[in-house]
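In: Test case, fold it:
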Amino acid sequence: MTLPMTVPAADLPARVRIHEVGARDGLQNEKSTVPTEVKAEFVRRLADAGLTTIEATSFVHPKWVPQLADAEQLFPLVSDLKGVHLPVLVPNARGLDRALTLGARRVAVFASATESFAKANLNRTLDESLGVFDPVVRRAKDEGLHVRGYVSMCFGDPWEGEVPLHQVARVCKALVEMGCDELSLGDTIGVATPGHVLELLSLLNEEGVPTNVIGVHFHDTYGQALANTYAALEHGVTTVDASAGGLGGCPYAKSATGNLATEDLVWMLRGLGIDTGVDLDRLVATSAWMAEQLGRPSPSRTVRALSHKEQ
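Out: This next block holds a predicted model:
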């Protein structure tokens with residue numbers, strides 16, 4: 001395909017690494033459990049489309065996320081992929097043990113920028129949750145692992161409303177000081193706007209958190225995900241989380257339309273002349289296939305548009 005026409009913009013990164021979250025963040029929100037073999041095939045197809053960072057699963061207790069209860073069965077089915085990083089979520093020391101047993105080399109912890117979400121999601125205060133993550137991160141680093149720190153509710157909270165920027169920065173700094181190699185700033189309920197994004201990124205830099213360790217994770221609840229991503233690119237961010245087909249959402253925002261769709265992101269970046277290494281046609285075919293497995297159309301506008309053209 002020759003479209004979109006490439007028209008570069010000034011002062012944007014030459015390349016963006018997409019952190020694909022569809023297989024974990026996307027599928028964990030499904031009402032019904034997706035068969036392990038289908039998940040493995042999904043990951044393999046994503047890799048075949050050129051994605052090199054694919055979050056595979058989560059080693060959380062099956063009682064809390066039954067959709068990902070097959071982590072031990074799934075990871076060995078995809079761990080042989082060459083040139084592909086397969087980070088996994090580890091909520092605590094037990095989760096890290098399980099991940100290490102299977103040979104995982106990249107892990108992620110999931111923190112909150114607010115007290116309310118820490119209580120709802122982790123059943124701890126914010127500081128208590130950071131206390132749980134500290135030995136997990138330090139042990140992971142001792143084992144030579146790459147560690148990502150997710151920070152949820154960075155731009156707004158369904159219980160608390162506005163989240164002070166300095167509160168977000170405090171959590172981000174704590175994770176970096178623990179040893180996290182990378183952060184992911186989560187717009188969990190999709191309320192961020194571009195100016196807010198730029199303000200938070202600038203503050204983090206002022207507080208000693210460099211741009212090169214920051215990734216962004218936007219939900220498209222209010223249609224702002226691509227605009228927010230563009231703002232982050234203008235600031236110099238080069239890691240963007242996205243979900244193939246727009247899978248996933250937030251259980252705390254009834255109107256949430258899910259994660260930023262990887263296809264929508266790739267379409268924009270291709271038009272800007274920013275390299276991702278992703279084959280858009282293969283990615284669209286993968287998301288269309290996954291939509292068939294789930295029994296519903298993909299919410300990604302790009303998937304719908306390109307799939308329609310092929311019919």
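
In: ok, and Phe110, which helix or strand is that part of?
Out: strand 106-112 (DSSP states H and E).

In: actually Gly144, not the one I wrote
Out: Going by DSSP H and E, Gly144 is not part of any helix or strand.

In: so how far is Glu128 from the nearest residue to it once chain neighbours are set aside?
Out: In space, and not counting its chain neighbours, Gly144 is closest to Arg105: 7.7 Å by CB to CB, 6 or more residues apart in numbering. For the C-beta atoms, the positions are set from N, CA and C on the backbone; glycine is no exception. Arg105 is 28 Å from Glu128, where distance means CB to CB, to the nearest Å.

In: one step back: tell me the pLDDT at the residue nearest to Gly144?
Out: If you check Arg105, the pLDDT there is 98.

In: follow-up on the earlier one: neighbour count: Arg105 and Glu128, which is higher?
Out: A side-by-side neighbour count of Arg105 and Glu128, using other CB atoms under 10 Å, places Arg105 first with 16 against 12.

In: Make sure the more buried one is actually in contact with Val147.
Out: No - the pair Arg105 / Val147 is not scored as a contact, 10.5 Å apart, by CB atoms under 8 Å.

In: got the end-to-end distance for stretch 2-11?
Out: 24 Å (CA to CA, to the nearest Å).

In: Go through that stretch and flag the buried ones.
Out: By 16 or more other CB atoms under 10 Å, stretch 2-11 has no buried positions at all.

In: tell me the mean pLDDT for that stretch?
Out: Computed over stretch 2-11, the average pLDDT equals 93.

In: Same check on stretch 62-73?
Out: 92.

In: hmm, who's touching it?
Out: Outside of stretch 62-73, the residues within contact range by CB atoms under 8 Å, 6 or more residues apart in numbering are 24, 27-30, 33-34, 36, 39, 57-60, 88, 98, 102.

In: for the stretch 201-311 of the chain, which spans come out with low pLDDT?
Out: Scanning the stretch 201-311 of the chain for pLDDT under 70 picks out 249-257, 309-311.

In: Please enumerate the helices of the stretch 1-150 of the chain.
Out: 36-48, 71-78, 93-101, 115-117, 126-142 (DSSP state H, counting those that start in this stretch).

In: Which one of those helices lies nearest to Glu263?
Out: Nearest of the helices of the stretch 1-150 of the chain to Glu263, taken as CB to CB: helix 36-48 at 11.6 Å.

In: Run through the strands of the protein in chain order.
Out: Applying DSSP state E to the chain gives strands spanning 17-20, 53-54, 57-58, 88-89, 106-112, 146-152, 182-187, 214-218, 239-242.

In: Pull the residues that contact the fourth one.
Out: Strand 88-89 is touched from outside by 24, 55-60, 71, 75, 95, 99, 104, 106-110, with contacts defined as CB under 8 Å, 6+ apart.

In: Kindly report the same for the last one.
Out: Residues outside strand 239-242 that contact it (CB under 8 Å, 6+ apart): 16-21, 182, 184, 214-218, 229, 232-233, 259-262, 264-265.

In: that older thread, I'd like the helices of the stretch 1-150 of the chain as JSON lines, with distance to Thr276 appended.
Out: Below are the helices of the stretch 1-150 of the chain laid out as JSON lines (distance: least, CB to CB, whole Å):
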{"stretch": "helix 36-48", "distance to Thr276": "13"}
{"stretch": "helix 71-78", "distance to Thr276": "21"}
{"stretch": "helix 93-101", "distance to Thr276": "27"}
{"stretch": "helix 115-117", "distance to Thr276": "31"}
{"stretch": "helix 126-142", "distance to Thr276": "28"}
